[in-house]
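Participant: Turn this into a structure:
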Amino acid sequence: MANEKKTVAVLYGGKSTEYEISLLTAFSVINAIDLDKYRVLPVYIQQDGRWIAGDEIKGKLAHKDQLLLQENAVAESAVTHWLAPSAPANARTRPDIVFPLLHGPNGEDGTVQGLFELLNIAYVGSGVAGSSVGMDKVLMKDVFAAYDIPGPNYVSVSRFEWENDAPKIILKVKNSIGYPCFIKPANGGSSVGISKCLSEPELSAAITEAFLFDTKVIIEEGISGREVEIGVIGNHELSVSVPGEIITKNAAFYDYQSKYQEGNSTLVIPADLTDKVKAELEETAKRAFVALNLSGLARVDVFIREKDQKIIVNEVNTMPGFTQFSMFPLLWQHTGLPYQQLIEKLVDLGLEKHREKQQIHYRIDN
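Facilitator: I've put the predicted structure just below:
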């Protein structure tokens with residue numbers, strides 16, 4: 001029936017350094033979603049990788065700890081039914097769509113997206129390719145370079161290269177990047193493992209730390225300018241939010257504490273930009289979204305370079321956080337799309353994308 005509630009499985013937790021952020025995001029989304037329109041099923045991925053499904057959410061949650069489902073508290077884990085490739089499409093426990101509120105590796109990188117493709121279940125956000133390239137900062141910047149989308153100068157290094165010839169890497173950074181520079185795990189988010197280096201002595205320790213979180217590291221030039229973010233939603237017809245500016249307090253850059261601890265940063269929404277810069281930002285954000293083959297949503301992070309006001313794309317986040325301190329929902333709220341309606345819009349876009357894929361033929365005789 002047309003008016004029947006859609007079932008949304010909210011997926012959260014996971015094996016990632018951003019596990020806690022995922023819990024906060026899920027807590028916020030579940031408490032905001034309209035339970036008169038949707039059946040909401042929590043699906044918790046423990047840090048050991050175990051999946052546990054909970055009963056339908058019937059009301060507001062008091063604390064995020066209520067999301068920490070225990071296996072012995074659930075009768076027969078409903079998740080096992082619809083996660084089986086042989087499960088019928090009309091299985092009673094099968095959701096209409098999954099909202100994967102997972103940040104970082106093992107969630108935002110195309111892994112669970114591939115699972116839902118195999119199961120032929122709709123999901124919110126970008127597909128396998130877009131999620132994977134959007135997660136890998138090196139591949140992302142390689143694509144941007146191919147599409148002539150301006151970004152900072154960068155070099156990448158594997159753990160093998162670093163362990164076998166660290167002096168060569170340090171010299172390469174000196175000659176092609178210089179200082180200050182930023183060292184980041186290639187696959188990661190929430191500024192985990194990121195360091196700002198002002199000199200060569202700091203570089204070695206920063207690279208070693210970044211390798212704690214990935215097998216590949218990217219080193220980028222420091223850009224002197226304003227940090228601005230803008231939201232993009234859509235599949236084909238794209239909409240952009242008002243831009244927002246980040247002003248950090250007592251920090252060298254927008255680090256983990258600045259993002260998730262109240263009072264460590266100021267978000268200026270909308271950012272005070274000239275019409276020319278704003279138009280360039282909106283166009284660049286859409287170009288980046290299309291170049292990475294994204295869908296549903298993304299937050300595009302840029303620098304507005306101080307010396308010439310040029311837009312320099314830092315990165316694109318394919319599943320930005322929805323915590324109370326997160327920029328993405330605040331940008332859309334100031335654009336005129338409140339939090340609850342934003343969630344509904346993203347669910348609709350995920351269902352739309354899934355319907356389109358059902359038109360693809362996988363045999364030449366049908």
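
Participant: Identify the residues contacting the most centrally placed residue in the chain.
Facilitator: When CA atoms, centre = their mean is applied to the chain, the residue found nearest the centroid is M319 (2.6 Å). By CB atoms under 8 Å, 6 or more residues apart in numbering, the residues touching M319 are 100-103, 107-108, 125, 131, 297. Glycine gets a C-beta too; all of them are placed from N, C-alpha and C.

Participant: SS state for it?
Facilitator: Following DSSP: H, G, I helix; E, B strand; the rest coil, the label given to M319 is coil.

Participant: quick revisit: can you select the buried ones from the contacts of M319 in PyMOL?
Facilitator: A single PyMOL command selects the buried members of those (16 or more other CB atoms under 10 Å):
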select buried, resi 100+101+102+103+107+108+125+131+297
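
Participant: Among the contacts of M319, which ones are in helices?
Facilitator: Taking DSSP state H, the ones among the contacts of M319 that sit in helices are S131.

Participant: which element follows the helix or strand of the chain with the lowest mean pLDDT toward the C-terminus?
Facilitator: Lowest mean confidence among the helices and strands of the chain (mean pLDDT, DSSP states H and E): helix 256-260, at a mean of 47. Remark: after helix 256-260, the chain's next helix or strand is strand 265-268, criterion DSSP states H and E.

Participant: if we can go back for a sec, closest one to R305 out of the contacts of M319, please.
Facilitator: The closest of those to R305 turns out to be L297 (CB to CB; 26.3 Å).

Participant: The closest one - nearest residue in space that isn't next to it in sequence?
Facilitator: Leaving aside its chain neighbours, L297 sits nearest to I233 (5.0 Å; criterion: CB to CB, 6 or more residues apart in numbering).

Participant: The one you found falls within a strand, correct?
Facilitator: Yes: secondary structure assignment places I233 in a strand (three-state DSSP).

Participant: Report the beta-bridge partners for it.
Facilitator: On DSSP bridges, the residues paired with I233 through beta bridges are S239, L297.

Participant: Model confidence score at it, please.
Facilitator: Predicted confidence (pLDDT) for I233: 98.

Participant: mind listing the strands for the stretch 151-300 of the chain?
Facilitator: Along the stretch 151-300 of the chain, counting by DSSP state E, counting those that start in this stretch, strands occupy 154-158, 181-185, 195-197, 216-221, 225-234, 239-240, 244-248, 265-268, 296-305.

Participant: residues in contact with the first one?
Facilitator: Read that as strand 154-158. 138, 141, 169, 172-173, 176-177, 186, 207, 215-221.

Participant: So which of those wins on neighbours?
Facilitator: Highest neighbour count within the contacts of strand 154-158, by other CB atoms under 10 Å: V217, with 27 neighbours.

Participant: ok, now which ones touch that residue?
Facilitator: Neighbouring residues of V217 by CB under 8 Å, 6+ apart: 156-159, 162, 183-186, 207, 210-211.

Participant: domain assignment for this protein?
Facilitator: What automatic domain parsing lists as the domains of the chain is 6-123, 153-221, 225-353.

Participant: Need the ones you listed in JSON lines (columns: distance to D365).
Facilitator: Formatted as JSON lines, the domains of the chain follow (distance: least, CB to CB, whole Å):
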{"stretch": "domain 6-123", "distance to D365": "20"}
{"stretch": "domain 153-221", "distance to D365": "41"}
{"stretch": "domain 225-353", "distance to D365": "26"}
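
Participant: Next, count neighbours for the residue nearest to S195 when sequence neighbours are not counted.
Facilitator: Take S195 and drop its neighbours on the chain: the residue closest to it by CB to CB, 6+ apart is A206, 3.7 Å away. For A206, the count of nearby residues is 20 (other CB under 10 Å).

Participant: circling back: if any of the contacts of V217 are buried, give me the ChimeraX selection for them.
Facilitator: The buried residues among the contacts of V217 can be selected in ChimeraX (16+ other CB under 10 Å) with this line:
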select :156,157,158,162,183,184,185,186,207,210,211
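
Participant: out of the contacts of V217, which one sits closest to E356?
Facilitator: Distance to E356, by CB to CB, is smallest for A186 among those, at 30.9 Å.

Participant: How much space separates the closest residue to the closest one other than its chain neighbours from L139?
Facilitator: Nearest residue to A186, sequence neighbours excluded (CB to CB, 6+ apart): K216, at 4.0 Å. Separation of K216 from L139 (CB to CB, to the nearest Å) stands at 10 Å.

Participant: tell me the mean pLDDT for the longest helix anywhere in the chain?
Facilitator: The longest helix of the chain (DSSP H) is helix 339-357. Helix 339-357 shows a mean pLDDT of 96.

Participant: Please name the residues that touch the residue nearest to S195.
Facilitator: Applying CB under 8 Å, 6+ apart to A206 gives the contacts 183, 195, 197.

Participant: ok, 10 Å please
Facilitator: For A206, the residues meeting the contact criterion (CB atoms under 10 Å, 6 or more residues apart in numbering) are 181-184, 193-197, 217, 219.

Participant: Now that K60 has come up, it's in contact with L35, right?
Facilitator: Yes: if you go by CB atoms under 10 Å, K60 and L35 touch, sitting 9.1 Å apart.

Participant: Against which helices or strands is the helix or strand containing A129 packed?
Facilitator: Assigned by DSSP H and E, A129 falls within helix 128-135. Here helix 128-135 touches helix 111-119, helix 137-146, helix 275-291, strand 296-305, strand 311-317, going by 3 or more CB pairs under 10 Å, 6 or more residues apart in numbering; DSSP states H and E.
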